[in-house]
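Colleague: Model the following, please.
(one chain, ligands or ions: 2)
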Amino acid sequence: MQLQKPKGTQDILPADSAKWQYVEAVARDTFKKYHYGEIRTPIFEHYEVISRSVGDTTDIVTKEMYDFYDKGERHITLRPEGTAPVVRSYVENKLFAPEVQKPVKMYYMGPMFRYERPQAGRLREFHQIGVECFGSKNPATDVETIAMAYQLFSALGVKDVTLHLNSLGNTASRAAYRQALIDYLTPMRDSLSKDSQRRLEENPLRVLDSKEEEDQAAVAHAPSILDYLDEESQAHFAAVCEMLEGLAISYVIDTNMVRGLDYYNHTIFEFMAKVGKSELTICAGGRYDGLVDYFGGPKTAGFGFGLGLERLLLILDKQGTELPVEENLDVYIAVLGKKANGKALELVQALRRQGFSAERDYLGRKIKAQFKSADSFRAAAVITLGETEVETGQITIKNNATRKEVRASFEDLVTDFAAIFEKVLS
Ligand code: ATP
Ligand code: MG
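Modeller: Ligands and ions are numbered 1, 2, ... in the order given. You can find the predicted model right below:
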């Protein structure tokens, strides 16, 4: 029997999920400023939605898909990334229609699945926050989307972030470069890794992206794609660089960066963060002007990025950044004696109804243990409810930090706790 979680997955327990919620809230808040709305697509898709669009020869499709046939013999896959599903949805819901305001800006957050070899920051179920913008060819869209990621990282306190930038150009430029790269790599074919020998035929640009040492040595002096950009592609890339400079966002041009997905053209980028001596990619994206068309919609420009939540949290942790997620409680009710049990329930519910966060003892423990709970829950105020309090209806509310005490009737607590709480805290 297998009663443990599957390899490469994680349980996110409450103390951690507070951090997740914080990051997600900052992301939502940031995206709202850029006029993005949330889209939620299914966790699984038809296999074909992913396979051709992400690329038949990419690692994601050839090695990492969680695919299966369902009971209706449909070829299904858990989604490995967010862009293809969002583009599928954009077309299926006809968001390209003229009456829908352009550009259409959407973000998502949720689980993605890739059958990978698990290691730190690399999981089989992981989570991405991503954005997609449809209908703007304007290089200002590239730059504001990059700037949005940047603003999110600063809001979260991520340090030592570097923007890596490249351009794949338009289809014609990319084809010209592809041939140049084949011409360059073919004579050294034998020195390439097995995977890259295969890539050389199927998808030579991906050799640039290989993590194998022998491949990295081979491509160190490869021709640069930037020398193969035609006029249109050059103009777009120059505009992006200029606008980034206008916003004082510094970048490094990395001509060997090609990204792990096939659908990109023109601008592609990655944000890397330094942790100790190594650099980790937290966020990656770019322009994909052919993807809507591929899904059967009209030719539409697209730009987006995806960022790995686990990796972001790992980086924050390694960089020693504390997120402001300390939980606290307005009131803790210490309960003494069986007769107080019912009244404690009435009181705790009345406080919650009035909008306060409140917890109580359920276990009939000694008073000391209960006060310990109040401390560990970081309760601002403590109410002790014993048999005397139940009989007299008079109750003491204590400030758990200053020990200041306020007396009030049970009725007042039930009807107007706000006034009493204010007194206790003042
Ligand atoms: P890598 O080169 O690290 O495999 P990738 O090119 O496959 O990354 P993308 O598909 O562009 O990554 O995904 C965007 C981001 O999602 C990555 O930068 C990373 O932060 C995160 N990510 C990708 N795969 C995983 C994974 N298996 N586990 C955790 N996070 C991941
Ligand atoms: Mg990968």
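Colleague: Nearest to ligand 1: which residue in the stretch 1-150 of the chain?
Modeller: Closest residue of the stretch 1-150 of the chain to ligand 1, Cβ to the nearest ligand atom: residue 126 (3.4 Å). All C-beta atoms are positioned from the backbone trio N, CA, C, and that covers glycine.
Colleague: scratch that, the chain
Modeller: residue 308 (2.4 Å).
Colleague: List the residues that contact that residue.
Modeller: 121, 126, 127, 128, 281, 282, 283 (Cβ atoms under 8 Å, 6 or more residues apart in numbering).
Colleague: check contacts around the one residue sitting closest to the centre of the chain.
Modeller: In the chain, the C-alpha nearest the mean C-alpha coordinate belongs to residue 129, at 2.9 Å (Cα atoms, centre = their mean). For residue 129, the contact set (Cβ under 8 Å, 6+ apart) comprises 23, 24, 27, 107, 108, 109, 306, 307, 309.
Colleague: Go again with 6 Å.
Modeller: Applying Cβ atoms under 6 Å, 6 or more residues apart in numbering, we find residue 129 in contact with 27, 109, 307.
Colleague: helix, strand or coil for it?
Modeller: Of the three states, residue 129 takes strand according to DSSP: H, G, I helix; E, B strand; the rest coil.
Colleague: Would it be right to say that the residue of the stretch 1-150 of the chain closest to ligand 1 lies in a strand?
Modeller: Yes - checked against three-state DSSP, residue 126 lies within a strand.
Colleague: hang on, isn't it packed against residue 311?
Modeller: No - Residue 126 sits out of contact with residue 311 when judged by Cβ atoms under 6 Å, with a separation of 7.9 Å.
Colleague: on that earlier part again, is it possible to get JSON lines of the contacts of residue 129 that adds secondary structure and neighbour count?
Modeller: Formatted as JSON lines, these follow (DSSP: H, G, I helix; E, B strand; the rest coil; neighbours: other Cβ atoms under 10 Å):
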{"residue": "27", "secondary structure": "helix", "neighbour count": "24"}
{"residue": "109", "secondary structure": "strand", "neighbour count": "20"}
{"residue": "307", "secondary structure": "strand", "neighbour count": "23"}
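Colleague: With pLDDT added, can I get the residues you listed in TSV?
Modeller: What follows is the contacts of residue 129, written out as TSV (pLDDT from 0 to 100):
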residue	pLDDT
27	98
109	98
307	97
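Colleague: with those in mind, which one is nearest to residue 179?
Modeller: Residue 179 has its nearest neighbour among the contacts of residue 129 in residue 307, at 33.6 Å by Cβ to Cβ.
Colleague: residues touching that closest one, list them.
Modeller: 129, 282, 283 are the contacts of residue 307 under Cβ under 6 Å, 6+ apart.
Colleague: Next: residue 112.
Modeller: 79, 80, 81, 126, 128.
Colleague: For it, pull up the helix or strand it's in.
Modeller: Assigned by DSSP states H and E, residue 112 falls within strand 104-113.
Colleague: Now residue 86. Its backbone dihedrals?
Modeller: Backbone torsions for residue 86, taken as degrees, to the nearest 10, come to phi -70, psi -40.
Colleague: Use 10 as the first number from now on
Modeller: Sure, I'll start numbering at 10, so the last one becomes residue 95.
Colleague: Give the burial count for it, as a bare number.
Modeller: If you count neighbours by other Cβ atoms under 10 Å, residue 95 ends up with 26.
Colleague: Just say helix, strand or coil for the closest residue to it other than its chain neighbours.
Modeller: Residue nearest to residue 95 in three dimensions, not counting chain neighbours: residue 141, with 4.8 Å by Cβ to Cβ, 6 or more residues apart in numbering. When classified by three-state DSSP, residue 141 comes out as strand.
Colleague: Residue numbers of the stretch 310-435 of the chain in contact with ligand 1?
Modeller: Residues of the stretch 310-435 of the chain lying close to ligand 1 (Cβ under 6 Å from any ligand atom) are 315, 316, 317, 319, 320.
Colleague: Please determine how far residue 333 is located from residue 165.
Modeller: Between residue 333 and residue 165 the distance is 11 Å, computed by Cβ to Cβ, to the nearest Å.
Colleague: of the two, who's got more company?
Modeller: Neighbour tally, residue 333 and residue 165, criterion other Cβ under 10 Å: the higher count belongs to residue 165, 18 against 8.
Colleague: mind listing what the nearest residue to residue 218 once chain neighbours are set aside touches?
Modeller: Leaving aside its sequence neighbours, residue 218 sits nearest to residue 267 (Cβ to Cβ, 6+ apart; 4.8 Å). For residue 267, the contacting residues are 214, 217, 218, by Cβ under 6 Å, 6+ apart.
Colleague: coming back round to it: can I get the residues of the stretch 310-435 of the chain next to ligand 1 in CSV with secondary structure?
Modeller: Formatted as CSV, these follow (three-state DSSP):
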residue, secondary structure
315, strand
316, strand
317, strand
319, helix
320, helix
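Colleague: TSV for those, including distance to residue 242?
Modeller: Converted to TSV, these look like this (distance: Cβ to Cβ, whole Å):
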residue	distance to residue 242
315	24
316	26
317	29
319	35
320	31
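Colleague: Which members of the residues you listed define the maximum pairwise distance?
Modeller: Longest span within those, Cβ to Cβ: 315 and 319, 12.6 Å.
Colleague: and the gap between the closest residue in space to residue 77 that isn't next to it in sequence and residue 372?
Modeller: In space, and not counting its chain neighbours, residue 77 is closest to residue 85: 5.9 Å by Cβ to Cβ, 6+ apart. For residue 85, the distance to residue 372 equals 47 Å [Cβ to Cβ].
Colleague: And residue 129, by the same measure?
Modeller: Distance, residue 129 to residue 372, by Cβ to Cβ: 39 Å.
Colleague: Repeat that for residue 49.
Modeller: From residue 49 across to residue 372, the span is 40 Å (Cβ to Cβ).
Colleague: now swap in residue 123 and tell me
Modeller: For residue 123 relative to residue 372 (Cβ to Cβ), the value is 44 Å.
Colleague: Those two: which has the busier surroundings?
Modeller: Between residue 123 and residue 372, counted using other Cβ under 10 Å, the more crowded position is residue 123 (20 against 8).
Colleague: List the single closest residue to that one in space, sequence neighbours excluded.
Modeller: Per Cβ to Cβ, 6+ apart, closest to residue 123 is residue 73, 4.0 Å.
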